[in-house]
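Novice: prediction below, plus the sequence it came from.
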Amino acid sequence: MPNAVVIGAGIGGLTAGIALRRQGWDVTVLERAEHLENVGSGLAIAVNALRALDTLDLGDRIRELARMEGQAGLCRPDGRWLLRTSEDAARERYGDSMVIMLRARLAEVLADALGERHLRLGTTVTGVDPGTGIVRTGAGDLRADLVVAADGIRSATRSALFPEHPGPVYSGVTAWRGLVPNPGPPVRSTETWGRGLVFGVHQLAGDLVYLYATDLSPAGAGHEDEREELLRRFGGWHEPIPTLLRAADPARIIRNDVHYFDRPLPALHRGRVALLGDAAHPMTPNLGQGACQAIEDAVVLAHVAGSGTAGGDLAGYTAARLRRTATVVRRSMSLCRATKLRAPLAVRLRDAGITLAGRLSSDLILRSMDEVLGWSPPTPASSGRGPAARA
């Protein structure tokens, strides 16, 4: 039985472990943290990622645990719609719709599906040899037929494999995330754009609301009380934004600068090592595709690897994923640039253009996402280099 070592037990790493196990691989997932991530935030699982999870018999489980989106769209700071769509419209177009859930809950589901004996927590990887597949850890060396580097945006494995690549660059915006109890009726899902500012609100299952915000900021900046900083920036925006911010626990608001790849890697593999998720193609969150693309990576990699040793077959993984992920990174950053506009005239022109386009095409939001959401996972009968894997 071929064996694989996965570095990193985030969403992509866990999914890769599950997918490879289903192909007959003996899998060990290594995670340096003592516990799985318990980040206090939500995440979107879009149609393309749900299709990928369906191939692992996990899609329905996620749909049961998550809240399906109702009406959603883009707003002005005063609450007027710029553009909107609905779950029904998404389901009609794609046969499914996006779900929003706790990131930590998804990690739990994936870890359960992987199996406890395949997960080693508290294990730090100190080096990888792409030629031999030897993974060096503080607890000793492991030899693998396939190494999956899912070790995040600051991936040490990626830096070692492609030292000439400049790595992630700062997008110019910082982001806040948080979860807030909502004792009232469910809130509608909105993303509100202002002058260089964005605020998103999504109801999760139960009484939790997921909040996120972005604004232009020098890299590395921070504030003693991030909630007060958010209220300063967004306190005059439409409800329920100010009310939710006042109800937020300042200690549970997460802030981080947003980085992405301005230049794609030359390949997503080297020797026996494949890069996956943020280690391979970090992106801004504007399309909600970071976790989704990691899930896609995982099922495509397992399909390309098949039930035998990887070796040169990893070229098929790069062929299937490099162009698609680079496109998603680029499109996400294009949206980020649109949100960064601050000049009053530029913002008015942007908003007027969005509103006009929405009136001319009622399904504009969905049509603009066809290239991303229309992806389908490779089928057992297709090759890793086939159109289903590249779509």
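Specialist: Yep, that arrived. Given the structure is predicted, the values throughout are model-derived calculations rather than measurements.
Novice: what segments of the stretch 151-300 of the chain are helices?
Specialist: Using DSSP state H, counting those that start in this stretch, the helices found in the stretch 151-300 of the chain span residues 156-161, 226-234, 241-247, 290-305.
Novice: turn those helices into a markdown table, including distance to residue 371, mean neighbour count and mean pLDDT.
Specialist: C-beta: built from backbone N, CA, C; applies to glycine. Below are the helices of the stretch 151-300 of the chain laid out as a markdown table (distance: least, Cβ to Cβ, whole Å; neighbours: other Cβ atoms under 10 Å; pLDDT from 0 to 100):
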| stretch | distance to residue 371 | mean neighbour count | mean pLDDT |
| --- | --- | --- | --- |
| helix 156-161 | 26 | 19 | 97 |
| helix 226-234 | 32 | 18 | 96 |
| helix 241-247 | 31 | 17 | 95 |
| helix 290-305 | 13 | 28 | 97 |
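Novice: a markdown table for these, including distance to residue 150?
Specialist: What follows is the helices of the stretch 151-300 of the chain, written out as a markdown table (distance: least, Cβ to Cβ, whole Å):
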| stretch | distance to residue 150 |
| --- | --- |
| helix 156-161 | 9 |
| helix 226-234 | 29 |
| helix 241-247 | 33 |
| helix 290-305 | 7 |
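Novice: for residue 3, find the nearest of those helices.
Specialist: helix 290-305 (11.5 Å; Cβ to Cβ).
Novice: which is the next helix or strand following the closest one?
Specialist: Moving toward the C-terminus from helix 290-305, the next helix or strand (DSSP states H and E) is helix 314-339.
Novice: which helices and strands sit right next to the next helix or strand after that next one?
Specialist: As assigned by DSSP H and E, the chain's next helix or strand after helix 314-339 is helix 344-360. Contacts defined by 3 or more Cβ pairs under 8 Å, 6 or more residues apart in numbering; DSSP states H and E place helix 344-360 against strand 81-85, helix 364-368.
Novice: chain center to helix 344-360: distance?
Specialist: In terms of Cα atoms, centre = their mean, to the nearest Å, the centre of helix 344-360 is set 28 Å apart from its chain centre.
Novice: now it: average pLDDT?
Specialist: Summarised as a single mean, pLDDT over helix 344-360 is 92.
Novice: quick one, that helix and strand 81-85 angle?
Specialist: Orientation check (axes from the mean of the first three to the mean of the last three Cα atoms, to 10 degrees): helix 344-360 against strand 81-85 gives 40 degrees.
Novice: got the CA positions of helix 344-360 in PDB?
Specialist: The C-alpha trace of helix 344-360 is given here as PDB (Å, rounded to 0.1, in the frame of the first residue of the first chain):
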ATOM      1  CA  PRO A 344     -15.800  59.900  -3.900                       C
ATOM      2  CA  LEU A 345     -16.300  60.100  -7.700                       C
ATOM      3  CA  ALA A 346     -14.700  56.700  -8.300                       C
ATOM      4  CA  VAL A 347     -16.900  55.100  -5.600                       C
ATOM      5  CA  ARG A 348     -20.100  56.700  -7.100                       C
ATOM      6  CA  LEU A 349     -19.100  55.500 -10.600                       C
ATOM      7  CA  ARG A 350     -18.400  52.000  -9.300                       C
ATOM      8  CA  ASP A 351     -21.700  51.800  -7.400                       C
ATOM      9  CA  ALA A 352     -23.700  53.200 -10.400                       C
ATOM     10  CA  GLY A 353     -22.100  50.700 -12.700                       C
ATOM     11  CA  ILE A 354     -22.900  47.800 -10.400                       C
ATOM     12  CA  THR A 355     -26.500  49.000 -10.100                       C
ATOM     13  CA  LEU A 356     -27.000  49.500 -13.800                       C
ATOM     14  CA  ALA A 357     -25.500  46.100 -14.600                       C
ATOM     15  CA  GLY A 358     -27.800  44.500 -12.100                       C
ATOM     16  CA  ARG A 359     -30.800  46.100 -13.700                       C
ATOM     17  CA  LEU A 360     -29.800  45.000 -17.200                       C
END
